[in-house]
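> Model the structure of this input:
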Amino acid sequence: MNKTFNFIFMCALVIVLLGNAQKTNAATCDPRDLLPCLGFLSSGAKPSLACCSKLKSQQPCFCGYVKNPSLGRYVNSPNVKKVASACGVSIPKC
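Numbers count the residues shown, from 1 in each chain. Predicted structure coming up:
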């Protein structure tokens, strides 16, 4: 009976840990996180690693940004597409 309890406890622990890992990996959709990219949008210079990192972490949020009336026009701008392309990030068709 002790082995059964240990097995059940270990299974429950794994489930809790996996659930927390998925929550940690989920993107927090905050367009302010993209501020490191702002200067590159107007200058046309190659984006920094910080900018590219933020773009990659925010990629799951892009469709939400596109659907937002105050953000959609920026996400679809040619400059954003150039910066995203330079970072190896694709902007999905939503």
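> and residue 54, how many neighbours does it have?
Using other CB atoms under 10 Å, residue 54 is surrounded by 20 other residues. For glycine as for every other residue, the C-beta is placed from the backbone atoms N, C-alpha and C.
> just residue 80 next, same as before
20.
> wouldn't it be in contact with residue 41 here?
Yes: in this structure residue 80 lies within contact range of residue 41 using CB atoms under 8 Å: 6.4 Å.
> So what's the residue count around residue 36?
As a burial measure, residue 36 scores 16 neighbours (other CB under 10 Å).
> Do I have it right that it meets residue 51?
Yes: taking contacts as CB under 8 Å, residue 36 lies within contact range of residue 51: 4.6 Å.
> Give me the below-cutoff pLDDT ranges for the chain.
By pLDDT under 70, the low-scoring segments of the chain are 1-27.
> how about the helices in it?
Remark: helices of the chain, listed N- to C-terminal, are 2-25, 38-43, 49-58, 62-67, 72-75, 78-86; assignment by DSSP state H.
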